[in-house]
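Peer 1: sequence first, predicted model second:
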Amino acid sequence: MKILLFGKGGQVGWELQRSLATLGDIVALDHDSTDYCGNFGDPTALIATVRDVKPDIIVNAAAHTAVDKAESEPDLVRTLNAAAPGLLAQEAQRLGAWFVHYSTDYVFDGSGSRAWTENDTPAPLSVYGLTKFEGEQLIQAACQQHLIFRTSWVYAARGGNFATTMLRLAQERDRLTVIDDQIGAPTGAELLADVTAHALRQVLSRPADAGLYHLAASGETSWWGYAKHVLEQAKRLQPDLQLKASEVLAVPSSAFVTAAQRPHNSRLDTRKLQTTFDLHLPSWQEGVNRMLAETL
């Protein structure tokens, strides 16, 4: 079994190199790889890479994820988040390979308070969300053997993330202000990678389980609740940790001006995933606690 992985340097891509290793040989690429092309801005070279490697599985963990910056460069974002994945899906179909892709809760408008299901109609608020939805559509149209995982609030122990930013700011400032009207589930890259490997093992023998799935840790919180949990857990893990911030104030999204509008409701209903693949998804607190124990 040969696996072609794009986006190896990202949070999810890094974890996928570990989780997919049990399935076969991995050719892992990034945008600056030299042996093969991992640059989504070069479609001709991307096609040549796929046809040379001849993978059984293509996994795309690459994307333009700078949500605010995306508003000022929509053509580039569409190339990276929609056109290139669609092209790879076409090549996967030609080879008879599986195609795995990651999408986002940003495909929804964030209205209401009910968790979004796979059958709900997307209505993106931003260039990022729109191009990720376009990518989903192109993949579904091009490749029958696909797995698309919509997720939310992704973090990893490797690289920067919301938790480490809150810890740094809490050591520098007397008071923190954090948004409390956006609700979702912090989801670890490690969980995404492990579920991906598990799902692939199943669909290789049960192709009918192909499709679009929501994948996020269980439970829900606001960014404010997330920040509070991080600071409290950090103190439990390191009682001598010096935090300057004496309070964490909850504020509405309107307190921060951003180029891209964020969805208020990022809840994802994961029942389809859990039923199809016989999974129990851990609480968001479990993953965050494990990440903090690793990084502190």
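Peer 2: That came in fine, so what should we check first?
Peer 1: show me where this structure has helices.
Peer 2: Applying DSSP state H to the chain gives helices spanning 11-19, 43-53, 67-70, 74-78, 84-95, 127-142, 162-172, 189-205, 223-237, 271-276, 284-295.
Peer 1: how about the ones you listed, which one is nearest Asn60?
Peer 2: Closest to Asn60 of those, according to CB to CB: helix 84-95, at 5.4 Å. Yep, even glycine has a C-beta here, placed from its N, CA and C like the rest.
Peer 1: average model confidence for the closest one?
Peer 2: Rounded to a whole number, the mean pLDDT of helix 84-95 is 97.
Peer 1: which strands or helices does it pack on?
Peer 2: Counting contacts by 3 or more CB pairs under 8 Å, 6 or more residues apart in numbering; DSSP states H and E, helix 84-95 packs against helix 43-53, strand 57-60, strand 98-104, helix 127-142.
Peer 1: that older thread, ok, which of the helices of the chain comes nearest Arg114?
Peer 2: helix 271-276 (12.6 Å).
Peer 1: that closest one - contacts with which helices or strands?
Peer 2: strand 211-214.
Peer 1: could you spell out the sheet neighbours of the strand it packs on, each with its direction?
Peer 2: In the sheet, strand 211-214 lines up against strand 146-151 (parallel) (DSSP bridges).
Peer 1: report the angle between the partner strand and helix 84-95.
Peer 2: When axes from the mean of the first three to the mean of the last three CA atoms, to 10 degrees is applied, the directions of strand 146-151 and helix 84-95 differ by 150 degrees.
Peer 1: next, the buried residues of strand 146-151.
Peer 2: By 16 or more other CB atoms under 10 Å, the buried positions in strand 146-151 come out as His146, Leu147, Ile148, Phe149, Arg150, Thr151.
Peer 1: tell me the one of the residues you listed nearest Gly112?
Peer 2: Using CB to CB, Arg150 comes nearest to Gly112 of the buried residues of strand 146-151, at 16.7 Å.
Peer 1: pull the contacting residues for that closest one.
Peer 2: Arg150 is in contact with Tyr102, Ser103, Thr104, Asp105, Val107, Glu118, Leu212, Tyr213, His214, Leu215, Leu268, counting by CB atoms under 8 Å, 6 or more residues apart in numbering.
Peer 1: try Lys235
Peer 2: Neighbour list for Lys235: Leu241, Leu243 [criterion: CB under 8 Å, 6+ apart].
Peer 1: reformat the buried residues of strand 146-151 as CSV; add distance to Val251 and pLDDT.
Peer 2: Converted to CSV, those look like this (distance: CB to CB, whole Å; pLDDT from 0 to 100):
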residue, distance to Val251, pLDDT
His146, 40, 98
Leu147, 38, 98
Ile148, 34, 98
Phe149, 31, 98
Arg150, 27, 98
Thr151, 26, 98
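Peer 1: quick one: closest of the helices and strands packed on helix 84-95 to Pro74.
Peer 2: helix 127-142 (4.8 Å).
Peer 1: re earlier: columns mean neighbour count on top of the helices and strands packed on helix 84-95, output as a markdown table?
Peer 2: Output for the helices and strands packed on helix 84-95, formatted as a markdown table (neighbours: other CB atoms under 10 Å):
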| stretch | mean neighbour count |
| --- | --- |
| helix 43-53 | 16 |
| strand 57-60 | 26 |
| strand 98-104 | 26 |
| helix 127-142 | 22 |
